[in-house]
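J.: Return a 3D structure for these sequence lines:
(chains A, B, C and D)
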Number of protein chains: 2
Amino acid sequence: MDLLRSEGLEAVSMRRVADRLGVAPNSIYAHVADKAALVDELIDAMLGGVATPTDDGWRARIERVMRDSRRELLAHPDLVPFALVRQSVGPNALRLGEVTLGALREAGLDGPAAVTGLQVLLVHTIGSAAFETGRTGDPDPAARGRRGRERAAEFGGVTAELSEPISRWSGDEVFERGLGWLLDGLVPGSGRAR
Amino acid sequence: MDLLRSEGLEAVSMRRVADRLGVAPNSIYAHVADKAALVDELIDAMLGGVATPTDDGWRARIERVMRDSRRELLAHPDLVPFALVRQSVGPNALRLGEVTLGALREAGLDGPAAVTGLQVLLVHTIGSAAFETGRTGDPDPAARGRRGRERAAEFGGVTAELSEPISRWSGDEVFERGLGWLLDGLVPGSGRAR
DNA sequence: CGTTCATATTGGACAGTGTACATTTAAATT
DNA sequence: AATTTAAATGTACACTGTCCAATATGAACG
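T.: Numbering: from 1, shown residues only, chains lettered A, B, ... in the order given. Reported below is the predicted structural model:
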C-alpha cells in the first residue's frame, strides 16, 4: 500500500514488494495466489478507509457509504479500474455491501430488488470514479507517424467541441446527480429532488 | 482485432501483432505512439459496430445507442475495463457522443446539463458492462498458503450469502433498470416507469 | 533521369515482468 | 527429539514494452 501510494501501481511489482519486505520475490506466493489476488487485497485494504455509517435514515446511510467509497477511490486512482471488474469480496467490501443492503431493505425493497439496487449503486459510484480518474493530463490525441497526424487533422475541430467540455465539468456533479436519480428510481414514491 | 477476438487481450502484444502483419515488432511504432494508443484504437474500432440510431423519439435513440454499445462491450470483454478509464476520443466515440448529446438537447436539456447527462449514461453503460464482465468463472476466493485458507474460513458463511446472489442475478436487469431511472431523472417530468 | 527527403522497416538490445521448480531453512506439532 | 507443516530461497523460463542507430523504400522535384 505504501508503494502504491508513493509510486503508483506500476511500481507494485512482485520484486519491488519483496524488496520492501526484505524477502525474495517468490516468498510472496506463499501468502497470495496471484498478483491479481494481491491487487484484490489492495482494493479491500483501500475500502478499509470507509467507515460503517450510523446515520438515521436509510438514504443518508447509503449516500454516506457511496460518497466515502468515492473519496477513497479517488485517493487511489490506480486501483479504480480493477475495483469494478474484479469486484473483491474481501471483508471490507462485504461489510459495506451488507450495510447498504440493509438500508435498501429498510427502504422497502425485497431481496432480489435490493441486490439489483446495490449493484446499480456500485456501478455508478465506481464507474464515475473511473471516468473521472481517466484522462487527467495529456491533451495530445495525435499519435506519432503519418497516421497519427492525419487522424488529428481529420476530426480536429469536433474533438475540441465535445471532448473539451467533457473533461472540464466536475465529476462531483456527475456523481451526485446520478446518485440522486438512482435513489429516486430505486424507491418509487420517495423522490427527493423532483 | 482478430487477435483480440480469438485469443483475448493478453495475446495482443506488439510482437504477436507484428507477427500477424509479417513485420518486425518495432515497425508498429511508426503508426501508433504507444501500446495504450493501440488499445485506444481497438476500443474505437469496437464502437464501429454500434450503428447511428435513427429512431423517432429522443428516448428511443438514447436507449438504442446505450443498448448497442453494451452489446458490443460484452462481445469484447477484455476492452471494457479500458473503455471507462481511457475514454477514447476516436471517430466512433465522437459520433455516438454527439448523437446522444443531440437527443438530450432535444429532450430539453441545455449545454452543461446535456454533457452531465451523457457522462452519467456512459458511466452506467460501460460500468455495468464492466461489472457484468468481471468474475465470470472461478468461484474460488481462497488464496494459496496459510493466510489464504485462514481467510476463507474467517468469513466463509457470509461470502456465500452476499456474493453468490450478486453473481447470479442478470446483468440485463441492472443495466435496464438503471438506464430507466437515469433517463427518468435526467428529464424531470418525463418519467416512464413510475 | 538521378537525387533528395520523409516515411517505413529492421536487428539488436535493455530493463523489466509474472511465475514455476526443486531445494533448503524455520517453525509448529506430536 | 522426531516428524510434519509452512515459509523462504536461488535459479531459470518465456515473455513484455520500448529505445537506438542503421537501413530500405517510396514519392516528389529539379
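J.: contacts, neighbours, all on C-alpha from now
T.: Will do.
J.: ok, and the closest non-adjacent residue to residue A:133?
T.: Among residues not flanking residue A:133 along the chain, residue A:77 sits closest, at 6.1 Å (CA to CA, 6 or more residues apart in numbering or on different chains).
J.: Count the neighbours of the one you found for me.
T.: For residue A:77, the neighbour count with other CA atoms under 10 Å in any protein chain shown is 20.
J.: Kindly report the same for the one 4 residues further on.
T.: Around residue A:81 there are 26 other residues, counting by other CA under 10 Å.
J.: residue contacts, it?
T.: Contacts for residue A:81 (CA atoms under 8 Å, 6 or more residues apart in numbering or on different chains) come out as A:130, B:81, B:82, B:85.
J.: most surrounded residue in those residues?
T.: residue A:130 (31 neighbours).
J.: Next up, identify which helix or strand that residue is on.
T.: Using DSSP states H and E, residue A:130 falls within helix A:111-133.
J.: Over to residue A:182?
T.: Assessed by DSSP H and E, residue A:182 sits inside helix A:171-186.
J.: That helix and chain B, are they touching?
T.: Yes: on the criterion CA under 8 Å from any CA of the partner chain, helix A:171-186 is in touch with chain B at A:173, A:174, A:175, A:178, A:181, A:182, A:184, A:185, A:186.
J.: The residues you listed, buried ones only, as a PyMOL selection?
T.: Of these, the buried ones can be selected in PyMOL as follows, counting by 16 or more other CA atoms under 10 Å in any protein chain shown:
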select buried, chain A and resi 174+175+178+181+182+184+185+186
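J.: Can you tell me which of the residues of helix A:171-186 next to chain B is nearest DNA strand C?
T.: Closest approach to DNA strand C among those (CA to the nearest atom of the strand): residue A:175, at 32.1 Å.
J.: Sketch out the low-pLDDT regions of chain A for me.
T.: For chain A, applying pLDDT under 70 flags the ranges A:135-169, A:191-194.
J.: who in it is up against DNA strand D?
T.: Listed as neighbours of DNA strand D in chain A under the rule CA under 7 Å from any atom of the strand: A:22, A:23, A:24, A:25, A:26, A:27, A:28, A:30, A:31.
J.: give me the number of residues near the third one?
T.: Going back to what we said before, that points to residue A:24. Neighbours around residue A:24, by other CA under 10 Å: 13.
J.: And the last one, by the same measure?
T.: When neighbours are counted by other CA under 10 Å, residue A:31 registers 17.
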